[in-house]
Every structure is written in C-alpha cells, then in structure tokens.
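In: dropping a prediction and its sequence here:
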Amino acid sequence: MLKLNVLGLDKNSKARCGFFETDHGIVETPIFMPVGTQGSVKAVNQSYLEKDIQAQIVLSNTYHLYLRPGTEVLENAGGLHKFINWERPILTDSGGYQVFSLSELRKLKKNGVEFRSHLDGSKHLFTPEKVISIQRSIGSDIMMSLDECTPYPCDYEYAKKSTDLTSNWAILNKEAFDNSNPIYGKRQFLFGIIQGSVYKDLREKSALDLLKLDFDGYAIGGLAVGEPSETMYEMINFTTDFLPNDRPRYLMGVGRPENILEAIEKGIDMFDCVMPTRNARNAYLFTSDGILSMRNAKYKNDFNSVDSQCNCYTCKNYSRAYLRHLYIAKEILALELSSIHNLHFYLEIVKVARERIKQGNFTEWKKEIISKISINNKKSED
C-alpha cells in the first residue's frame with residue numbers, strides 16, 4: 001500500500017501537505033509532475049530537471065511508450081528509469097486519454113479499446129490487463145488504470161455508461177495488478193481513476209466503486225476538458241469528500257497556477273499539465289509580473305531578469321532581451337531556457353504551498369497570490 005503521511009492541515013480549508021515513499025525516492029505533496037510523455041520533458045535535460053527545477057517525480061505516457069520505443073526496447077534497457085537516466089519516481093498515465101482522443105481511429109469494446117496508431121495506422125487493442133502489462137515493462141513507480149475520459153459536454157446517459165465501463169475496467173486492472181509482479185525488483189503502485197463528467201451522483205458512484213478495490217491512490221479524471229472553471233472546482237470539492245485521508249489524490253491534466261492552488265485548497269495532492277512547457281515553446285513565460293510574451297518588441301532592450309523574484313538557472317543568468325533575441329532568431333536554446341523557468345515557477349508554487357499549509361495560513365496566501373496573478377496577467381495582456 002502507498003501511504004500518504006499527512007504532515008500539516010490548513011485550518012480554513014481541505015488543503016494538506018505530506019509525503020509518500022517509493023523505491024525511487026520520497027515525493028512531497030502537494031506536488032506538480034513535469035510531463036515527459038515519451039520519456040523526455042520536452043526541451044529540458046534531466047540534469048536541469050533534477051538540480052535546478054528539483055522535480056521530485058515526472059509523468060510519462062503508456063500509449064506513446066508502447067508505440068515507440070516499445071516494450072521490448074524498454075525491457076532490454078532495464079526499464080524506463082535506466083533508459084532515460086532518471087533515478088527519481090515516475091508515474092505513467094494509462095494512455096486512455098490519448099486513445100480516446102483518437103475518436104476517428106478507435107473502437108470501444110467491452111473488454112477494452114481497439115485503436116489505430118497515429119504513427120503508422122497499425123491496429124492495436126488496449127485491455128485493462130494489457131495496460132498493466134505494458135506498465136510493468138515500463139517499470140513506473142505509479143501506474144494508472146485504464147479508463148474512458150468523457151468529453152465535455154456529454155449527456156447524462158453517455159456519462160453513466162462511460163462511468164460504469166471505467167468501474168468495470170477498474171476491477172480488471174486491479175486483478176491484473178494483483179496477479180502480476182514488478183520486473184525490475186522495485187515496488188509499483190496502482191491508482192484508480194474516478195470519472196463521472198459533471199454529474200455529482202456519477203462522481204459519487206465512481207468513487208465508491210473504486211474505494212471497494214482499495215487502490216494505492218485515487219485520481220480524478222475527466223476534468224479540465226472544456227467545462228467552466230467553477231464547475232471543475234465544484235466537482236473536485238465534491239469528490240475529495242469521498243476519498244481516504246491516507247492515500248494520495250491526483251487531479252489529472254490540471255492546469256494553470258491558479259487552478260492548482262484552488263484544487264490544493266479542495267484537498268488535491270498531485271498535479272500534471274503540459275502547460276508550462278507548451279507555453280514556453282510558444283514564448284509565453286509565467287512570472288510574478290504576469291505572463292510575458294517574449295516575442296514582444298518591448299523586451300528588445302529590457303536587460304532585466306526574466307523574473308526578479310525567481311532564482312532559477314534562466315533568471316540568474318539571462319535577460320528578457322536575450323530570450324527575446326533567441327526566439328526572434330529561432331534558436332533552440334530559447335525553448336530550453338524558457339521551459340526551465342516555467343517548470344521552476346510551477347514547482348516553486350507547490351513548494352511554497354506546502355510551507356504555507358504547515359504554517360496554517362495557506363488560504364490567506366492563496367487568495368493573495370491568485371489576486372496578484374490575475375492583476376499582473378491583465379497588465380501583461382494590456
């Protein structure tokens with residue numbers, strides 16, 4: 001069992017801080033996981049991830065790693081950790097979201113989902129059992145169950161059928177997990193994924209179905225797919241009431257800094273999102289001065305640090321003018337420096353959140369930070 005050790009609770013909310021332990025290291029919560037879909041956090045060397053960004057855990061994707069390089073290569077390498085030279089924890093998504101996003105290339109079946117590769121059109125079948133087997137080959141510390149991620153909007157009947165399917169698959173995922181063993185001598189843990197779209201009764205049923213299976217942790221899926229932010233927050237707050245206090249809670253695919261802070265207040269421990277690295281590749285930087293568009297001409301002679309309140313490698317060594325120059329010149333270094341900064345910004349937010357929860361004043365700090373972000377972002381847009 002993966003136990004979340006709670007070290008602090010906010011006096012005015014459901015926010016909590018703590019840690020859990022894997023064979024590749026301890027993870028402090030709340031935590032943000034940089035996304036390394038194909039075994040690489042885009043444009044960022046592992047040494048920066050470890051030393052400067054101080055990522056405690058990264059996320060990779062079962063679907064993509066299954067297609068390329070494939071389980072045979074991963075097993076020959078001794079697992080994903082050795083393949084990518086990363087000795088800290090790894091979580092792998094089941095690939096369900098990627099498969100279901102291929103709506104024209106997949107066919108849903110009772111025992112799994114049949115799909116065609118986006119790479120070469122070859123046909124494949126993901127069953128709950130196969131997804132567990134693939135993640136055994138990957139050797140991730142935390143594995144995710146196969147689920148169906150419902151779109152938004154979707155009607156109640158579709159959401160109900162989808163939620164029932166996810167619950168049925170959860171049983172098969174857990175059985176396959178319990179009846180197999182890690183390949184590389186390191187413990188692996190399995191999380192269940194709660195679905196139910198924006199319907200509270202379905203969210204409750206999904207949570208209760210999964211609790212019966214006693215997963216190592218519980219994820220909330222199917223949010224941040226187009227629904228209003230307030231609806232997302234309502235679903236999070238409702239769902240966490242059903243989850244045990246001694247297991248990690250993971251909100252999948254979320255989000256902006258303010259989304260993360262709001263979700264921490266509602267009892268979430270773990271997050272992932274492509275936003276910091278994707279925005280960096282498009283020249284948008286998260287800073288205490290708001291979101292900066294680094295191609296903007298006003299930075300041409302701005303020799304200030306990217307963010308005066310940040311001590312990441314990028315901010316300590318380079319100016320806004322230099323980053324703008326790199327983007328205008330289409331130099332690859334721009335993507336690395338900006339990705340390092342954005343990830344550091346996200347990891348620093350959750351680090352301070354942990355400290356504030358321990359101090360018991362998280363709620364007040366959260367309101368102040370979100371207000372500041374909102375004001376500065378408006379100034380940035382102006």
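Out: Yep, that arrived.

In: check which residues of stretch 286-294 are buried.
Out: 286, 287, 289, 290, 291, 292, 293, 294 (16 or more other C-beta atoms under 10 Å). Placement of C-beta: from N, CA and C, glycine included.

In: any idea of the pLDDT on the spatially most central residue of the chain?
Out: Central residue of the chain (C-alpha atoms, centre = their mean): residue 272, 1.6 Å from the mean position. For residue 272, the model assigns a pLDDT of 98.

In: look up how far residue 219 lies from it.
Out: 10 Å (C-beta to C-beta, to the nearest Å).

In: which residues do those two both contact?
Out: Counting by C-beta atoms under 8 Å, 6 or more residues apart in numbering, the shared contacts of residue 272 and residue 219 are residue 252.

In: measure stretch 11-28 end to end?
Out: Using C-alpha to C-alpha, to the nearest Å, the end-to-end distance of stretch 11-28 comes out at 20 Å.

In: can you pull the buried residues of stretch 212-231?
Out: Buried residues in stretch 212-231 (16+ other C-beta under 10 Å): 213, 215-225, 227.

In: thinking again about what came up before, ramachandran angles for the residue nearest to the centre of the chain?
Out: phi -150, psi 150 (degrees, to the nearest 10).

In: identify the bridge partners of it.
Out: residue 33 (DSSP bridges).

In: residue 63 and residue 101 touch, don't they?
Out: No. In this structure, residue 63 is not within contact of residue 101 by C-beta atoms under 8 Å, at 9.7 Å.

In: now stretch 161-173 - C-alpha only, CSV.
Out: Listed next in CSV are the C-alpha coordinates belonging to stretch 161-173 (Å, rounded to 0.1, in the frame of the first residue of the first chain):
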residue,chain,number,x,y,z
LYS,A,161,-22.4,4.2,-19.4
SER,A,162,-18.8,5.5,-19.5
THR,A,163,-18.6,5.6,-15.8
ASP,A,164,-19.9,2.1,-15.5
LEU,A,165,-17.3,1.0,-18.1
THR,A,166,-14.5,2.6,-16.2
SER,A,167,-15.6,0.9,-13.0
ASN,A,168,-15.7,-2.5,-14.7
TRP,A,169,-12.3,-1.9,-16.2
ALA,A,170,-11.0,-0.9,-12.7
ILE,A,171,-11.8,-4.4,-11.4
LEU,A,172,-9.9,-6.0,-14.3
ASN,A,173,-7.0,-3.5,-13.8
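
In: any residues touching it, and which ones?
Out: 108, 110, 112, 127-129, 131-132, 145-148, 150, 154, 190, 192-193, 195-197, 202, 205-206, 209-210, 213, 215.

In: now, those that are in strands?
Out: Those of the contacts of stretch 161-173 mapping onto strands are 108, 112, 190, 192, 193, per DSSP state E.

In: tell me how far the residue nearest to the centre of the chain lies from residue 345.
Out: Counting by C-beta to C-beta - residue 272 and residue 345 are separated by 15 Å.

In: one more: residue 135?
Out: For residue 135, the distance to residue 345 - C-beta to C-beta - is 30 Å.

In: those two: which is more packed in?
Out: Using other C-beta atoms under 10 Å as the criterion, residue 135 and residue 345 rank with residue 135 on top: 33 against 24.

In: which two from the ones in strands among the contacts of stretch 161-173 end up farthest apart in space?
Out: For the ones in strands among the contacts of stretch 161-173, with distances taken as C-beta to C-beta, the pair at the greatest spread is 108 and 190 (22.4 Å).

In: the more surrounded of those two?
Out: Neighbour comparison, residue 108 and residue 190: the larger count goes to residue 190, with 21 against 15 (by other C-beta under 10 Å).

In: show me what the helix or strand of the chain at the bottom of the mean pLDDT ranking is packed up against.
Out: In the chain, no helix or strand scores lower on mean pLDDT, DSSP states H and E than helix 96-101, which sits at a mean of 75. Contact here means 3 or more C-beta pairs under 8 Å, 6 or more residues apart in numbering; DSSP states H and E; on that basis helix 96-101 packs against helix 62-67, strand 112-116.

In: and which of the ones in strands among the contacts of stretch 161-173 is nearest residue 364?
Out: For those, the nearest to residue 364 is residue 193 (32.7 Å; C-beta to C-beta).

In: can you pull out the strands in the stretch 1-150 of the chain?
Out: With DSSP state E, counting those that start in this stretch, the ranges of strands along the stretch 1-150 of the chain come out as 5-9, 16-22, 25-29, 31-33, 58-61, 90-93, 106-109, 112-116, 123-126, 142-144.

In: worst mean pLDDT among these?
Out: Minimum mean pLDDT among the strands of the stretch 1-150 of the chain: strand 106-109, a mean of 80.

In: which strands border that strand, and is each parallel or antiparallel?
Out: Strand 106-109 pairs in its sheet with strand 112-116 (antiparallel), by DSSP bridges.

In: which residues are in contact with the partner strand?
Out: Residues contacting strand 112-116 (C-beta under 8 Å, 6+ apart): 96, 99-100, 102, 105-107, 122-128, 130, 146, 148, 169.
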